[in-house]
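Novice: 3D, please:
(2 chains)
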Amino acid sequence: MIIMKRTKIKALLSTSQVGSEVLVKGWVRTKRGNKNVVFIALNDGSTINNIQVVADTVSFDENLIKDITTGACIAVSGKLVESQGQGQKVEINASSIELYGKSDAETYPLQKKGHSMEFLRENAHLRFRTNTFGAVFRIRHSMAFAIHNYFNDKGFFYLHTPIITGSDAEGAGEMFHVTTMDLNKLVHKEDGSLDFNGDFFGKETNLTVSGQLEGELGALSLGEIYTFGPTFRAENSNTPRHLAEFWMIEPEMSFYDLNDNMDLAEEFVKYLIKYALENCREDLEFLNNMIDNKLLEKLNFVLNNEFVRITYTEAVSILTATGKKWDYMVGWGRDLQAEHERYLVEEHFKRPVILTDYPREIKAFYMKQNEDGKTVRAMDVLFPGIGEIIGGSQREENYEKLLARITEMKLPQKDLWWYLDTRKFGTAPHSGFGLGFERLILFVTGMSNIRDVIPFPRTPKNAEF
RNA sequence: UCCUUAGUAGCUCAGUUGGUUAGAGCGACGGACUGUUAAUCCGUAGGUCGUAGGUUCGAGCCCUACCUGGGGAGCCA
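Specialist: Now for the predicted structure:
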């Protein structure tokens, strides 16, 4: 047997090696043919495209051919030749086929024809083998890579903030407890509350809902940092835009004001979209054909148009002026609802919108207070179809103002001593934002349910796999 | 968590005002076909109708509760 090096299908299809002997390995997508010749569509995950393997039945054992079913894994060596048929330029004339793993056709869940997203979600361990999910997860990888590239090129440092946190002050949502205590033998204090003294950390701990506060600590000495890691929210949210475990990117920058922050957010998102268009072309074209035929148009549109920037107050005026009847009232001081945001983005401006300067009452304690005493320097980036993709703000750098806000909102000041210290010792104006990674992937892939852009989604009542 | 909608073959669905033995397409399996492209053609097998109760002479269909999925809302990224 000839020892040959394996070639990935992506490389095989993109370079002209016609006439040479090659070895490919992959999983069978389809097999068809007659008693003289069989055609095998083989995919190895390196690209959305398959290589066609042609095998003369006389040259191969009948049982081997029989075992080459959808889902089976094989290694094929043979000559790469120009295809005699339509549909592909090149194909492999197989000289030998080794069967690595059979795939019983009667019990293998995936078939050649299309499946519903719901069915594939229940088979998340196998859905990578479909064209759609192969494309989605290759793009997801490319976006993660591009994020590191972007920040690295700009001199930002990748900061690893803790996943287990002893702070629950951020208030971004319900948290998952982390404990090693025996849940059947919990110890209570005299006042009835749980006694964490015997727990692993000797105090109550949770999974993080955001790395922002720790990120600020890094920014206020390293200058510009970003986090990129998993975050957890124990909210009972059942929507196509929420996960209990999701990935978030949170840049935090010293000496950035809100405008710098908006500039960065816009440039960042556009960089990622451009990267996808330039590096994931075939996968995007597939998704454009099969999932959302406006996808490429949408991506190019966002890339080539400036985001609209208006204040919350201006947005309320626009919404009021429409005279429309809303399910939820519009009024200064009320938070904007999905229907309002959607109207602004999808009907009024027809492009991404950045809303700024929200009323302080509806925003977090750490946002910088404006001189009007009513608003804070917050920004939300709203995208068509998915709503809020980025939320950020200039942070309050003034110790007294920050402390006053913490007291006012009845937050546990003693748990935030380390955060407050940064405002006591060499405080600096700074800003940052959070980008939901899966929401970005939703937009870039055109997929409609967030459970289909993360390999193993965690949602209420679902932690399979 | 609320509203809404659905759960019938491996998959996607049909199933009439409650009435004999629950159907189709695809897939699988068997066969035919000298180059296919989600191949085509002929044939075969495959179902405790989401779960538990109830109404009825009789329930896939009506009632109650629960479970699970989809869509919308809230919370947010």
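
Novice: and the end-to-end length of stretch A:353-373?
Specialist: 24 Å (CA to CA, to the nearest Å).

Novice: Give me the buried positions along it.
Specialist: A:353-360, A:363-370 (16 or more other CB atoms under 10 Å). Placement of C-beta: from N, CA and C, glycine included.

Novice: Walk me through the domains of chain A.
Specialist: A:9-101, A:128-173+A:209-452 (automatic domain parsing).

Novice: follow-up on the earlier one: so of the buried residues of stretch A:353-373, which two are at opposite extremes in space?
Specialist: Between any two of those, the greatest separation by CB to CB is 25.1 Å, found for A:353 and A:365.

Novice: Contacts only, for residue A:336.
Specialist: By CB atoms under 8 Å, 6 or more residues apart in numbering, the residues touching residue A:336 are A:312, A:315, A:316, A:319, A:330, A:355.

Novice: Phi and psi next, for it.
Specialist: Main-chain dihedrals, residue A:336, degrees, to the nearest 10: phi -80, psi 140.

Novice: just residue A:227 next, same as before
Specialist: phi -110, psi 160.

Novice: Residue A:263 too?
Specialist: Dihedral angles (degrees, to the nearest 10) for residue A:263: phi -60, psi -40.

Novice: do you know how far it is from RNA strand B?
Specialist: Residue A:263 is 18 Å from RNA strand B, where distance means CB to the nearest atom of the strand, to the nearest Å.

Novice: For that residue, grab the count of nearby residues.
Specialist: 13 (other CB atoms under 10 Å).

Novice: And residue A:18, by the same measure?
Specialist: By other CB under 10 Å, the burial measure for residue A:18, its neighbour count, is 11.

Novice: likewise residue A:445?
Specialist: Neighbour tally, residue A:445, other CB under 10 Å: 27.

Novice: list the contacts for it?
Specialist: A:135, A:136, A:139, A:284, A:287, A:291, A:295, A:453 are the contacts of residue A:445 under CB under 8 Å, 6+ apart.

Novice: Show me which of these is closest to RNA strand B.
Specialist: Within the contacts of residue A:445, proximity to RNA strand B (CB to the nearest atom of the strand) peaks at residue A:453, which comes in at 10.2 Å.

Novice: which of the domains of chain A sits most buried?
Specialist: Highest mean neighbour count among the domains of chain A (mean count of other CB atoms under 10 Å): domain A:128-173+A:209-452, with a mean of 18.

Novice: Would you mind measuring the gap between the ends of it?
Specialist: Length of domain A:128-173+A:209-452, first residue to last, CA to CA: 11 Å.

Novice: Can you tell me what sits against stretch A:392-400?
Specialist: With CB under 8 Å, 6+ apart, stretch A:392-400 has contacts from A:216, A:256-258, A:261, A:265, A:363-369, A:376-381, A:402, A:405, A:420, A:423-424, A:427-434.

Novice: Give me the mean pLDDT for it.
Specialist: Average pLDDT, stretch A:392-400: 97.

Novice: ok, now which ones touch the residue in the stretch 1-150 of chain A positioned nearest to RNA strand B?
Specialist: For the stretch 1-150 of chain A, the residue closest to RNA strand B is residue A:85, as judged by CB to the nearest atom of the strand, at 2.1 Å. By CB under 8 Å, 6+ apart, the contact list for residue A:85 reads A:52, A:91.

Novice: how much space between it and residue A:209?
Specialist: Distance, residue A:85 to residue A:209, using CB to CB, to the nearest Å: 55 Å.

Novice: cool, and residue A:54?
Specialist: In terms of CB to CB, residue A:54 sits 55 Å off from residue A:209.

Novice: now swap in residue A:42 and tell me
Specialist: Residue A:42 is 44 Å from residue A:209, by CB to CB.

Novice: next one: residue A:178
Specialist: 13 Å.

Novice: again with residue A:400
Specialist: From residue A:400 to residue A:209 the distance is 27 Å (CB to CB).

Novice: which regions of chain A sit below the pLDDT cut-off?
Specialist: Counting by pLDDT under 70, chain A shows low-confidence ranges at A:1-2, A:168-172.

Novice: Go again with 80.
Specialist: Chain A contains residues with pLDDT under 80 at A:1-3, A:15-16, A:112-114, A:167-173.

Novice: Going along the chain, name the helices of the stretch 1-150 of chain A.
Specialist: A:9-14, A:62-67, A:117-122, A:131-153 (DSSP state H, counting those that start in this stretch).

Novice: Much appreciated, bye for now.
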